[in-house]
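1. I need the structure of the sequence given here:
(one chain, ligands or ions: 3)
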Amino acid sequence: MNILVINSGSSSLKYQLFKMPEKAPVCSGLVERIGIEGSFIKHTVYSNGEKHNIEESGFIANHGEGLKQVLALLTEGEYAVINSPDDIAAVGHRVVHGGEHFTGATLITDEVKQQIKKLFSLAPLHNPVNYKCIEVAEQTFKNARQIAVFDTAFHQTIPEQAYRYAIPEWYYKEHAIRVYGFHGTSHKYVSEQAIKWLNKENSKIISIHLGNGCSMAAIKDGKSIDTSMGFGPLSGLMMGTRSGNIDPSVIFHLMEHSGYTLEQLSTLVNKQSGLLGVGGSSDMRDIRKLVSEGNAAAALALKLYAYRIKKFIGAYAAILNGIDAIIFTAGVGENDSNMREAVCTELDYLSIKLDPTQNTAYKGEMKEINSADSKIKILVIPTNEEYEIAHQCYGL
Ligand SMILES: Nc1ncnc2c1ncn2[C@@H]1O[C@H](COP(=O)(O)OP(=O)(O)O)[C@@H](O)[C@H]1O
Ligand SMILES: CC(=O)OP(=O)(O)O
Ligand SMILES: [Mg+2]
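-> Residues are numbered from 1 along each chain as shown. Ligands and ions are numbered 1, 2, ... in the order given. Model prediction:
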């Protein structure tokens, strides 16, 4: 059985086709820098122990357009992997916001689609794109089951003291205003890898997912007990274009004194802030380049970015009452050794000590990068949301 997984993030679209139950990847790839200059697709086909790489570049305006190009790669040309759309039994979709409705992999019906649509305003960079990808997949793979796996599901174990906001209960009961948390599929996948690595029955783990969206999770005995994103994927860490934590007074002030509309404010904190707002680009690679050219704003953006992560490590060390391991994952977490070093500097009070040689030696496979005398393991673990989604879809 073939399961195609579509993982649309805010700046990228990742996909993998798995042969199940072997869990063998048939092809995988990613569309990056969607909507900004320099978009590209990297497509890899696996056959007979060999890899064939195909790269395409050219501006890709949105996720729907990106997905159509990916579907052409699957079905056309020398390295086509399927003969017809009917060769796909199920399409697994990452859906970012599931609200209170969804806790596990869910067969997509018209009703489920309506629920995903209702949550557009809470995850404006994601749910509309996830919805679009479902529609394109439904049109292309007419006989496949469409299945949603929600980012929010893994965080359903967060206790009330952490998921409730300190506002009257009515807002929780009537409007379901609470912390949901995101990147759950990634935090779940990497923390399970870490638990196996630690080989320890009771574990206290801090998972740091640094992609275009960034979040951290405190994970005790394999269960999420707190996370930095909240009602929507906007709070907590500084991100590519999102502000992360900001005092709501700033919003009131801009409304009252500068006449900002709801839409302008949403655009400001979702699309114009973070690395882009402070440092001039939403993409960490661009920020690094700007810094190397002496750009002071980009250098400040890096400081803010690392500082926030450090602050959450402290907070999570406290609520977990100890740490066994911290995990770096996703685009920045896996690829930017300088950021890992900036975060781990001067954390020796917590006995988090990085080994600079191990840190720069990471080559895409799970690796321990702490020094020998560090009490806490520092792990870089490549996330694989697609694998986890395929696994859950197959289970369903
Ligand atoms: N080699 C690299 N060095 C530094 N940052 C990188 C590198 N490769 C990717 N990134 C960063 O990773 C981020 C994208 O992460 P990713 O997990 O793919 O995002 P998302 O899934 O949220 O769209 C971008 O900021 C990008 O610049
Ligand atoms: C939830 C979220 O921010 O996802 P991404 O990092 O893929 O944009
Ligand atoms: Mg992502």
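
2. so who does Asn143 touch?
-> Asn143 makes contacts with 85-86, as judged by Cβ atoms under 8 Å, 6 or more residues apart in numbering. Any C-beta I mention is one placed from the backbone N, CA and C, and that applies to glycine too.

3. Quick check: phi and psi at it.
-> When quoted as degrees, to the nearest 10, the phi and psi of Asn143 stand at phi -100, psi 0.

4. again with Glu174
-> According to degrees, to the nearest 10, the main-chain angles of Glu174 amount to phi -90, psi -30.

5. Report the separation between it and Ile167.
-> Separation of Glu174 from Ile167 (Cβ to Cβ, to the nearest Å) stands at 12 Å.

6. And the helices in the stretch 1-150 of the chain?
-> Under the criterion DSSP state H, counting those that start in this stretch, the stretch 1-150 of the chain carries helices at the ranges 63-75, 110-118, 127-140.

7. Surely Tyr131 and Ile116 touch.
-> Yes. Counting by Cβ atoms under 8 Å, Tyr131 sits close enough to Ile116 to count as a contact (5.4 Å).

8. Show me what from the stretch 101-250 of the chain comes close to ligand 3.
-> By Cβ under 5 Å from the ion, the part of the stretch 101-250 of the chain that sits against ligand 3 consists of Gly211.

9. show me what contacts whatever residue of the stretch 101-250 of the chain ends up closest to ligand 1?
-> Sorted by distance to ligand 1 under Cβ to the nearest ligand atom, the residues of the stretch 101-250 of the chain start with Gly211, at 2.7 Å. Residues counted as contacts of Gly211 (Cβ under 8 Å, 6+ apart) are 9, 11-12, 183, 240, 330-333.

10. What residues of stretch 95-105 count as buried?
-> Burial within stretch 95-105, assessed by neighbour count using 16 or more other Cβ atoms under 10 Å, is assigned to 95-99, 101-102, 105.

11. Can you check which helix is longest in this structure?
-> helix 296-320 (DSSP state H).

12. Can you name the residues in contact with it?
-> Outside of helix 296-320, the residues that reach it under the criterion Cβ under 8 Å, 6+ apart are 162, 204, 206, 208, 210, 214, 216, 218, 220, 225-226, 228, 236-238, 244-245, 275, 278-281, 287, 290-291, 323, 326, 339, 342-343, 347, 350, 352.

13. And for stretch 99-116?
-> By Cβ under 8 Å, 6+ apart, the surrounding residues in contact with stretch 99-116 are 92-93, 95, 97-98, 118-119, 122, 127, 130-131, 134, 145-150, 152-153, 156, 176, 178, 180, 389, 392-393, 395-396.

14. Since that was my last question, I'll sign off now.
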